[in-house]
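> Below are the sequence and a predicted model for it; my questions follow.
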Amino acid sequence: MDEYAPLIRCGAATAGNDHRLGSSEAPPAIISIYLGDQLSSILDTITMEGCCTKSDRQFVRMGMTMLPQLPKDLTDRNRTSPIAFTGNKFEYRMVGSSQSMAGPNIYINAAVAQILEQAADRLEAAEDKELECHNIIRDFYQNHKRIVFNGNGYSREWKEEAAKRGLPDFRDTVSALPQMVSETSLALFEQQHVFTRSEISSRLEINLQTYSKQINVEASIMVEMCRKSIIPAVIGYVGKLSDSLSKQEARGLSVNAQQQLVTTVQTALNQAIEATEQLHVCIAKALSYKDEVLKQAQIYRDEVVQQMQLLRSHVDLMETYTDKAFWPFPSYDDLLFRL
């Protein structure tokens, strides 16, 4: 996991997963392993040639004396670790729900096979197999201990600590995917007879194209929703407000609050119209790089996605002010509480 961390990160690199990693109880993009206090203590003991201390087993207090005491699990509950030991297995938690596990499993199995091959070579050449097995565990743990982290993966301190340890941090799909064709990854695939260079290069190109197509579809739909539904609806609402404002002014009523409301909505509307047209321009720019898949994906990430976020901020503001009768789509309130 340490030596091939960039490749393992590629296994979870998708456009949708960029929104998930690092939040909502999903692990961060930095590859680390949670071993738990008990297993970490055992490995530390092997490394330091000491004696392992027994972990104190705590119990769950249910608050009722008639219920039996249940021992707390010594393994992981914290969902902020990309790879965690859970008693009898390791869980790889980064993969998105829409993904196939085939690709991530290929990368993990290839990496595990490579490391097991190194261990097997040492064991086969050793006279004292048991001693050499101990030495292999010690050496592997000492050389790759930097990837072990049992704390909060969401914390700012962990990001700083990961940088100090030299752990790679590929925060988005476009940054991660080129690691598929790094010299380390290519050597792994060739030595394990998994992929040739041309095969893995073609897979990189397909993954980049998939990312670009997904962002293109989302951005194009966003433009269409704004042009055909949201902007006309808000224009109609502003017109209604203006008519009401004119009638109140004609009667000599105070309209300061209404004027402020009209100004706020109109300003957000103007910004949304401008952002919509700019998003359309960004999409056209990205499409012009159809023969340069990496460059195209970078434009979608750096320009299209950023413009989508800007447009959404303006639309979200308009949604909070626009009369429900005018708004063309279900609001968050409708989706969460009224279905």
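Perfect, thanks for sending it.

> switch to C-alpha atoms for all contacts and neighbour counts from now on
OK.

> could you say what helices and strands the longest helix along the chain packs with?
Criterion DSSP state H: the longest helix present in the chain is helix 256-287. When contacts are defined as 3 or more Cα pairs under 8 Å, 6 or more residues apart in numbering; DSSP states H and E, helix 256-287 sits against helix 197-225, helix 231-250, helix 293-299, helix 305-321.

> if you set the cut-off to 6 Å instead, what comes out?
Packing partners of helix 256-287 (3 or more Cα pairs under 6 Å, 6 or more residues apart in numbering; DSSP states H and E): helix 305-321.

> Dihedrals phi and psi, residue 34?
phi -100, psi 120 (degrees, to the nearest 10).

> tally of neighbours for residue 227?
Counted by other Cα atoms under 10 Å, the residues lying close to residue 227 total 16.

> which residues touch stretch 179-191?
6, 7, 195, 196 (Cα atoms under 6 Å, 6 or more residues apart in numbering).

> Now, of these, which are buried?
6, 7, 195 (16 or more other Cα atoms under 10 Å).

> re the thing from before, let's see which of the contacts of stretch 179-191 end up in helices.
6, 7.

> Out of the contacts of stretch 179-191, the closest to residue 322 would be?
Nearest to residue 322 among the contacts of stretch 179-191: residue 6, at 46.0 Å, using Cα to Cα.

> now the chain, which segments are flagged as low pLDDT?
Counting by pLDDT under 70, the chain has low-confidence residues at 49-64, 66, 69-78, 339.

> quick one, phi psi at residue 149?
According to degrees, to the nearest 10, residue 149 has phi -150, psi 120.

> dump the residue contacts of it.
Neighbours of residue 149 in contact, by Cα under 6 Å, 6+ apart: 33, 34.

> Distance check, it against residue 270.
48 Å (Cα to Cα, to the nearest Å).

> try residue 97
Distance from residue 97 to residue 270, by Cα to Cα: 37 Å.

> surely residue 33 meets residue 83?
Yes. Using Cα atoms under 6 Å, residue 33 is in contact with residue 83, at 4.8 Å.

> Common neighbours of those two, please.
If you check residue 33 and residue 83 against Cα under 6 Å, 6+ apart, no residue is contacted by both.

> Can you pull the phi/psi pair for residue 148?
phi -80, psi 130.

> how deep is residue 303 tucked in, by neighbour count?
So residue 303, with other Cα under 10 Å, has 18 neighbours.

> Quick check: closest non-adjacent residue to it.
residue 282 (6.4 Å; Cα to Cα, 6 or more residues apart in numbering).

> Check the gap between the one you found and residue 14 for me.
Note on residue 282: its distance to residue 14, by Cα to Cα, is 21 Å.

> could you pull out the strands for the stretch 51-200 of the chain?
Using DSSP state E, counting those that start in this stretch, the strands of the stretch 51-200 of the chain run over residues 59-60, 70-71, 83-85, 90-92.

> picking that back up, pull up the gap between the residue nearest to residue 303 and residue 296, please.
On the measure of Cα to Cα, residue 282 and residue 296 end up 11 Å apart.

> Overlap in contacts, those two.
By Cα under 6 Å, 6+ apart, no residue touches both residue 282 and residue 296.

> What is the nearest of the buried ones among the contacts of stretch 179-191 to residue 256?
Using Cα to Cα, these come closest to residue 256 at residue 6, 58.0 Å.

> and the nearest residue to that closest one once chain neighbours are set aside, how many neighbours does it have?
The shortest distance from residue 6 to any non-neighbouring residue, by Cα to Cα, 6+ apart, is to residue 179 (6.0 Å). Other residues lying near residue 179 total 21 when counted by other Cα under 10 Å.

> Provide a list of residues in contact with residue 80.
Contacts of residue 80 (Cα under 6 Å, 6+ apart): 26, 27, 153.
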